[in-house]
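J.: have a look at this prediction, sequence included:
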Amino acid sequence: MTDAPREGTGISARGLTKTFGPLRAVDNLTFEVRPGRVTGFLGPNGAGKTTTLRMLLGLIRPTSGEALIGGRRYADIDRPMQVVGSALEATGFHPGRSGRDHLRVLAATHGIPDSRVDELLELVGIPAAARKRAGAYSMGMRQRLGLAAGLLGDPQVLLLDEPANGLDPEGIRWMRGFLRHLAQDEGRTVVVSSHLLSEVEQTVDDVVIIANGHLVREGTMDELHGDPAVLVRTRDASALADALVRSGLAVQPEGPAALRVQTGDLARVGDVALAAGQPVYELRALRTDLERLFLDLTEAPEHSNRNRLPEEIDR
Ligand SMILES: Nc1ncnc2c1ncn2[C@@H]1O[C@H](COP(=O)(O)OP(=O)(O)OP(=O)(O)O)[C@@H](O)[C@H]1O
């Protein structure tokens with residue numbers, strides 16, 4: 001594993017489309033994923049996430065458009081295992097074979113030494129368990145083994161399908177820290193798919209959100225959160241609103257005795273209230289309800305059932 005960030009390898013999709021019969025599973029999708037960041041690839045079940053990842057990995061061919069890693073199609077990458085690693089499903093392990101042997105077989109077919117296998121098992125936290133039969137693994141252990149398999153070739157890009165599935169809270173914390181380390185400290189491009197924004201909210205820097213095969217939002221997590229705002233509750237909201245506006249802050253009423261103030265600076269709001277002689281009964285940062293936002297984005301009428309067959313819509 002490298003210590004220093006390396007020159008980044010990003011991902012891009014351009015007009016990416018995949019149809020299965022009459023179904024447009026991925027529909028003219030264009031997005032960019034940057035190196036050195038963890039990107040959440042998000043959308044409800046059936047949105048087309050796995051299909052997109054499979055096209056990036058050259059497992060299925062796009063109907064039209066391109067899925068590129070470092071500007072190249074997977075098929076044109078010389079040593080793909082050193083460029084892109086993946087864990088698409090945590091189920092593809094032979095149940096009778098130990099996790100360690102599974103990785104050794106995989107490593108051997110790619111000329112990777114056994115020492116790398118042991119290093120990775122240590123890194124993903126299952127050095128002892130890796131000697132047991134993979135069939136006896138918990139979902140969380142299979143996730144870690146899948147991650148180790150994806151990292152075997154020391155790839156610059158890592159594509160993970162629902163990596164937090166089946167992990168306990170401690171496992172989720174570990175995964176979060178590990179993925180952030182791979183991106184921030186080592187400069188890798190990390191993509192995690194999920195059907196829940198809340199599941200990856202604390203892990204990802206950027207998001208690409210799709211619904212029914214097409215892009216509904218692309219940007220940073222900060223952009224998704226929007227401008228910071230504060231809620232302040234007082235006795236005479238209109239008197240406090242006047243004082244806040246005089247101090248240069250934008251204010252909106254929030255219920256009968258509360259105000260929403262466009263700032264992230266709680267102390268400034270408290271100071272204005274004190275100077276205006278208004279008691280403060282409540283003062284807190286307002287957080288964007290990301291799950292609500294996610295549902296609004298993905299369930300908007302223009303995205304729903306657009307590509308579905310009539311019989312599926314009725315179901
Ligand atoms: N090989 C296939 N043949 C026919 N339809 C397919 C095929 N693969 C995927 N689909 C359909 O394409 C759509 C997108 O599926 P996909 O698995 O990419 O979604 P997803 O976002 O990964 O969903 P999930 O979160 O449930 O895994 C779904 O309607 C699915 O049924």
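T.: Thanks, I have it.
J.: tell me the domain ranges of this structure?
T.: 11-224, 227-286 (automatic domain parsing).
J.: in what helix or strand does the residue sitting furthest away from the middle of the chain lie?
T.: Farthest-out residue of the chain from its mean C-alpha position, per Cα atoms, centre = their mean: residue 277, at 45.8 Å. Assigned by DSSP states H and E, residue 277 belongs to no helix or strand.
J.: quick one, phi/psi of residue 68?
T.: phi -120, psi 140 (degrees, to the nearest 10).
J.: the ligand is nearest to which of the domains of the chain?
T.: Set against the ligand and scored by Cβ to the nearest ligand atom, those come closest in domain 11-224, at 3.3 Å. From N, CA and C alone the C-beta is placed, and that goes for glycine too.
J.: and the residue farthest from the centre of the chain, how close does it get to residue 247?
T.: The spacing between residue 277 and residue 247, counted by Cβ to Cβ, to the nearest Å, is 14 Å.
J.: go on, residue 141?
T.: Counting by Cβ to Cβ - residue 141 and residue 247 are separated by 56 Å.
J.: same question for residue 153.
T.: From residue 153 to residue 247 the distance is 57 Å (Cβ to Cβ).
J.: do the same with residue 112
T.: Distance from residue 112 to residue 247, by Cβ to Cβ: 62 Å.
J.: quick one on the thing from earlier: tell me which of residue 153 and residue 247 has more neighbours.
T.: It is residue 153, of residue 153 and residue 247, that has more neighbours when counted by other Cβ atoms under 10 Å, with 20 against 16.
J.: dump the residue contacts of the more buried one.
T.: Applying Cβ atoms under 8 Å, 6 or more residues apart in numbering to residue 153 gives the contacts 79, 81, 82, 83, 85, 110, 112.
J.: take those residues and write them to TSV, including pLDDT.
T.: Listed next are these as TSV, based on pLDDT from 0 to 100:
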residue	pLDDT
79	87
81	88
82	90
83	94
85	93
110	86
112	90
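J.: pick out the most distant pair among those.
T.: 83 and 112 (14.2 Å; Cβ to Cβ).
J.: before we move on, back to that, the contacts of residue 153 in strands, which ones?
T.: residue 85 (DSSP state E).
J.: give me the buried entries from the contacts of residue 153.
T.: By neighbour count, with 16 or more other Cβ atoms under 10 Å, the contacts of residue 153 hold 81, 83, 85, 112 as buried.
J.: tell me how far the last one lies from residue 104.
T.: Put plainly, it is residue 112. For residue 112 relative to residue 104 (Cβ to Cβ), the value is 9 Å.
J.: for residue 207, same thing?
T.: For residue 207, the distance to residue 104 - Cβ to Cβ - is 36 Å.
J.: which ones are touching residue 45?
T.: By Cβ under 8 Å, 6+ apart, the neighbours of residue 45 are residue 195.
J.: which helix or which strand is home to it?
T.: Secondary structure (DSSP H and E) places residue 45 outside all helices and strands.
J.: separation between it and residue 113?
T.: Where residue 113 is concerned, residue 45 sits at a distance of 40 Å (Cβ to Cβ).
J.: which of the domains of the chain sits most buried?
T.: domain 11-224 (a mean of 19; mean count of other Cβ atoms under 10 Å).
J.: can you give me the first-to-last residue distance of that domain?
T.: Terminal residues of domain 11-224 lie 21 Å apart, using Cα to Cα, to the nearest Å.
J.: is the ligand contacted by it?
T.: Yes. Judged by Cβ under 6 Å from any ligand atom, domain 11-224 and the ligand are in contact via 20, 23, 25, 43, 45, 46, 47, 48, 49, 50, 51, 195.
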